[in-house]
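J.: From the sequence below, what's the structure:
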Amino acid sequence: MKKLSITLCAALAALTALPAFAADAQPTGTIVTANGRATGTLRWKNSAKEYSLTNARGMTVTFPADDVVRVEVNRPAALDAAIKRVRAGGSGVASAIPTLEEIAKDYSHLTYDREATRWLADAYLQQGNASKAVSACEAVIRDDAEAAYMGPMAVLYWRALTKDGKASKLSLLLDKAIASGDAEAAAAALVARGNAVMERGTARANCEEALRDGYLRVILLYANPESEAYPEALYMGAKAFDGMGQGARANALRDKLKQECASSAWARK
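T.: Predicted coordinates for the structure are as follows:
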């Protein structure tokens with residue numbers, strides 16, 4: 001262990017003595033260990049479970065993942081513009097996909113792979129390609145199982161599984177999210193559960209199940225207007241009450257949505 005610390009110190013000293021390296025379309029940032037920090041071009045080597053860092057003079061040093069305290073990755077320059085195109089929808093979605101695919105690949109295990117994949121899955125779903133959305137998410141999940149039921153990417157993964165008819169896989173992941181103890185993950189999972197039921201159709205039995213096992217649980221237990229799940233639960237809950245022919249209850253939820261979540265996109269639908 002002492003020999004490893006000396007080696008790391010020497011490597012960090014050599015790297016930090018040089019100017020930071022910047023290359024277009026390549027992940028850059030800083031690796032922090034107990035012995036110091038170094039900045040340069042980054043790459044994750046999955047087979048070896050280690051980070052590779054190259055500085056301006058072309059010197060490359062590897063850092064085993066267990067020795068890294070944290071990795072501070074610079075945000076990809078093209079990411080925000082690609083996200084904006086996906087948010088806007090329409091013809092711009094197709095042009096965003098290559099950029100998001102490249103970022104998801106190049107930033108594997110480097111912070112922004114999850115965010116890029118979350119929007120890539122959204123783009124694929126907008127194009128009606130649920131199977132591609134599932135595959136994109138599972139490329140991240142292979143190296144990070146928790147991403148399947150925690151975090152923003154998980155919500156898109158669940159939506160893709162719903163659209164792709166993978167009900168049994170979805171159910172297991174929703175159970176994990178609800179049992180995780182994380183309020184945000186649990187609320188999102190309950191909404192996804194309700195949505196999966198409503199995908200089967202708007203028959204009265206489906207509407208009752210979606211309300212009972214999904215939307216109403218969020219409305220009663222996770223009433224956070226700042227969350228993404230709560231306004232969606234109100235909106236979808238109103239639709240479910242409509243399906244049951246209970247217009248008064250549906251309108252009560254719509255009023256609640258407009259009063260408590262006025263800034264939400266769900267309130268403007």
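J.: partner strands of the one helix or strand residue 31 maps to, parallel or antiparallel?
T.: Under the criterion of DSSP states H and E, residue 31 resides in strand 28-33. Sheet neighbours of strand 28-33, with direction, are listed as strand 36-45 (antiparallel), strand 68-73 (antiparallel) (DSSP bridges).
J.: Okay, buried residues for that strand please.
T.: Residues 28, 29, 30, 31, 32, 33 are the ones in strand 28-33 that count as buried (16 or more other CB atoms under 10 Å). For the C-beta atoms, the positions are set from N, CA and C on the backbone; glycine is no exception.
J.: Hmm, residue 37 and the third one touching each other?
T.: In this case it means residue 30. Yes - with contact taken as CB atoms under 8 Å, residue 30 and residue 37 are classed as touching, separated by 5.3 Å.
J.: Now render the strands paired with strand 28-33 as a markdown table, adding distance to residue 176, mean neighbour count and mean pLDDT.
T.: Shown next, in a markdown table, are the strands paired with strand 28-33 (distance: least, CB to CB, whole Å; neighbours: other CB atoms under 10 Å; pLDDT from 0 to 100):
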| stretch | distance to residue 176 | mean neighbour count | mean pLDDT |
| --- | --- | --- | --- |
| strand 36-45 | 25 | 20 | 93 |
| strand 68-73 | 26 | 14 | 95 |
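J.: For residue 149, which of these is the nearest?
T.: When those are compared for distance to residue 149 using CB to CB, the nearest one is strand 36-45, at 22.2 Å.
J.: hmm, back to that, could I get the strands paired with strand 28-33 as a markdown table with distance to residue 127?
T.: A markdown table is the format used below for the strands paired with strand 28-33 (distance: least, CB to CB, whole Å):
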| stretch | distance to residue 127 |
| --- | --- |
| strand 36-45 | 29 |
| strand 68-73 | 28 |
